[in-house]
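In: Here is the input, now give the coordinates:
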Amino acid sequence: MKRKKGIFIVFEGPEGSGKTTQIKLLAKYFKKRRYKFVLTREPGGTKVAEKVRKIILTTGNIISPLTELLLYESSRSQHVDEIIKPNLEKGKIVISDRFSDASIAYQGYGRGIDIKLVEQLNNIATYGIKPDITILLDISVEEGLSRIQNNRKKIDRLEQEKIDFHKKIRFGYLQLAKKRNNIIKINVEDKDKLVIHKEILNIIKNRLKL
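Out: Residues are numbered from 1 along each chain as shown. As a prediction, the model looks like this:
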């Protein structure tokens, strides 16, 4: 199905919130209805950005907070330029696993970098592009990390951070949800994945008229 204007949908949330699962379910829904869509992720999404992702997430790499932020922003700039912007211009739906709000939550609230600086760099890296809707999957830090430890053989550099770091990230996301009309928070703890999927579909149908 062709659209005159692309739609940008982003999934955010603390570690272990189930973003990947819900993105796959949404993609399956869109595919059945023959919508033209693209799945992507941050950090990553392009050949260059995926290399940056490896640097950021590889366990054992010692990276300062500012360097980490700049790596994310450089990856994001390439991602927007190569994947997000062109596909939106073609009228496609772009679904991204994380976007610029992740830097506010992780590097701003989590690492303690000035929020205004993060927002300024986000604006430069994204060319001012913002999601039409952001689905924030909220879960307690303890439950989210427990899911990762039980379901993953390998845990990345950020997932290995101390629990206080992850609590700051979740707090940051909740603060953003209070301020932004385009962020919709869904509590995913103790809910079946299909129940969450239905909630997401209802939100998207009501907000985006899909």
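
In: Point out where this protein drops to low pLDDT.
Out: Where the chain drops to pLDDT under 70, the residues are 1-4.

In: Look at K185 and give its secondary structure.
Out: strand (DSSP: H, G, I helix; E, B strand; the rest coil).

In: burial count for it?
Out: When neighbours are counted by other C-beta atoms under 10 Å, K185 registers 17. For glycine as for every other residue, the C-beta is placed from the backbone atoms N, C-alpha and C.

In: In this structure it contacts L136, no?
Out: Yes. Using C-beta atoms under 8 Å, K185 is in contact with L136, at 4.6 Å.

In: shared neighbours, the two?
Out: Both K185 and L136 are contacted by A177, under the criterion C-beta atoms under 8 Å, 6 or more residues apart in numbering.

In: centroid residue for this protein?
Out: R98 (1.3 Å; C-alpha atoms, centre = their mean).

In: Can you tell me how far L121 is from G172?
Out: 16 Å (C-beta to C-beta, to the nearest Å).

In: now L145: how far from I115?
Out: L145 is 24 Å from I115, by C-beta to C-beta.

In: These two: which has the busier surroundings?
Out: In terms of neighbours (other C-beta under 10 Å), L145 is the more surrounded of L145 and I115; the figures are 20 against 16.

In: tell me which element that one falls in.
Out: helix 141-151 (DSSP states H and E).

In: Does anything pack onto that helix? Which helices or strands?
Out: helix 163-179 (3 or more C-beta pairs under 8 Å, 6 or more residues apart in numbering; DSSP states H and E).

In: Pull out the C-alpha coordinates of the helix it packs on and format them as CSV.
Out: Output of helix 163-179 as CSV, limited to C-alpha atoms (Å, rounded to 0.1, in the frame of the first residue of the first chain):
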residue,chain,number,x,y,z
ILE,A,163,21.5,-1.3,38.7
ASP,A,164,21.6,2.4,39.7
PHE,A,165,22.5,3.3,36.1
HIS,A,166,19.5,1.4,34.8
LYS,A,167,17.2,3.0,37.3
LYS,A,168,18.3,6.4,36.1
ILE,A,169,17.5,5.4,32.6
ARG,A,170,14.0,4.3,33.5
PHE,A,171,13.4,7.5,35.4
GLY,A,172,14.6,9.4,32.4
TYR,A,173,12.1,7.6,30.1
LEU,A,174,9.2,8.2,32.5
GLN,A,175,10.1,11.9,32.7
LEU,A,176,10.1,12.2,28.9
ALA,A,177,6.7,10.4,28.7
LYS,A,178,5.3,13.1,31.0
LYS,A,179,6.6,15.9,28.7
